[in-house]
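Undergrad: quick one, fold the following:
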Amino acid sequence: MVKRKGYPSIGEKVIVTVINITPYSATCKLEEYPGKEGMIHISEVSGKWVRDIKKFVKLNKTYVAKVVRVFEEKGHINLSLKRVPKIEKTRKMQDYKREQKAEKILERIAKKEKLSLDEAYEKIGFELQEKFGEMFEAFDIASKSPEALINRGISKKWVNTIHEISKESIQRKKVKIKVKLEVKFFTGDGVEKLKSFLNNLTNKYRLNIKYISAPLYNVEIESENPKITQRELTKQLTDAVSSVKDGEADFKIIGEK
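TA: The predicted structure is shown next:
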């Protein structure tokens, strides 16, 4: 079970399982915070009027909820389902599955260091979460650059083991990111400007650009870390299209494969 320390923060998305339902609320256990429970009021179940809460939440079913309020002194956590957009639900579930993989890596680290999983969380797991946001991000970085962990303040006595186990555990495959690019110029020398624009993208950012039909082009790039690459690619293309004069340009990331 993926674990986090303390209490969740306000606005955080959490994985919850419904353990009790009353006419006006649902009590949930927070899967990532052992021993912590939260309450979803009937007004926070759906964006539309709710007559029967049981039509919207089911006993023992897991959901993604948003933390609305936290009263640590009373141990109360107020949650909302309606304040979590669909795309954020999907992203949170993906993050949770990634952290489940990270916990398997932590188990291997614990075994090598002759620790229980709980002890490994206390000695290094929670620290990695605090400094990297999630353990998988830390393990992913460690598999390529153990020095990055040292730079973040992780003790050297842990770095070699984390690097070794992470490198063995994380299998890398290249993902192709595809972008649809539209660009056109309105001046007499538009063809030359178009060639210059595309050549600049190719040479400066090493992008593979394929012609579809004027004014559309496909941009493709392969990466072992699509999350970071997509963020960088978005910035690069935003800078490029904003530099277009005497014309117009736009782009849309259409997926990974």
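
Undergrad: wait, what's in contact with the closest residue to S223 other than its chain neighbours?
TA: Closest residue to S223 apart from its sequence neighbours, by Cβ to Cβ, 6 or more residues apart in numbering: T229 at 3.6 Å. For every residue, glycine as well, the C-beta is placed using N, CA and C. By Cβ atoms under 8 Å, 6 or more residues apart in numbering, T229 lies in contact with 177, 221, 223.

Undergrad: which element, helix or strand, includes the residue at minimal distance from the centre of the chain?
TA: What sits nearest the mean C-alpha location of the chain, by Cα atoms, centre = their mean, is D95, with 5.3 Å. Per DSSP states H and E, D95 falls inside helix 86-112.

Undergrad: can you identify the element that follows that helix toward the C-terminus?
TA: helix 117-120.

Undergrad: buried residues in that next one?
TA: 117, 120 (16 or more other Cβ atoms under 10 Å).

Undergrad: next one: stretch 68-84
TA: Applying 16+ other Cβ under 10 Å to stretch 68-84 flags 68, 70, 77-82, 84 as buried.

Undergrad: so, low pLDDT: which residues of the stretch 101-250 of the chain?
TA: Applying pLDDT under 70 to the stretch 101-250 of the chain picks out residues 172-173.

Undergrad: now the strands for it?
TA: Secondary structure of the stretch 101-250 of the chain (DSSP state E, counting those that start in this stretch): strands located at 175-185, 208-213, 216-223, 247-256.

Undergrad: right, and those strands - which one's nearest I150?
TA: Nearest to I150 among the strands of the stretch 101-250 of the chain is strand 216-223; the distance by Cβ to Cβ comes to 25.1 Å.

Undergrad: off-centre distance for stretch 180-187?
TA: Here the centre of stretch 180-187 is set off from its chain's centre by 33 Å, with Cα atoms, centre = their mean, to the nearest Å.

Undergrad: can you list the residues that contact it?
TA: Here stretch 180-187 makes contact (Cβ under 8 Å, 6+ apart) with 190-191, 193-194, 197-198, 209, 212, 214-219, 237, 241, 244, 246-252, 254.

Undergrad: before we move on, back to that, hmm, which two among the buried residues of stretch 68-84 are most spread apart?
TA: So, those by Cβ to Cβ: farthest apart are V70 and K82, at 18.4 Å.

Undergrad: quick revisit: let me know the pLDDT of the residue nearest to the centre of the chain.
TA: We have a pLDDT of 94 for D95.

Undergrad: walk me through the domains of this structure.
TA: Under the assignment automatic domain parsing, the domains of the chain span 13-83, 87-169, 175-256.

Undergrad: circling back: quick one: which of the contacts of T229 is nearest A142?
TA: S223 (18.5 Å).

Undergrad: number of nearby residues for the closest one?
TA: Residues within reach of S223, counting by other Cβ atoms under 10 Å, total 17.

Undergrad: that concludes my questions; thank you for your assistance.
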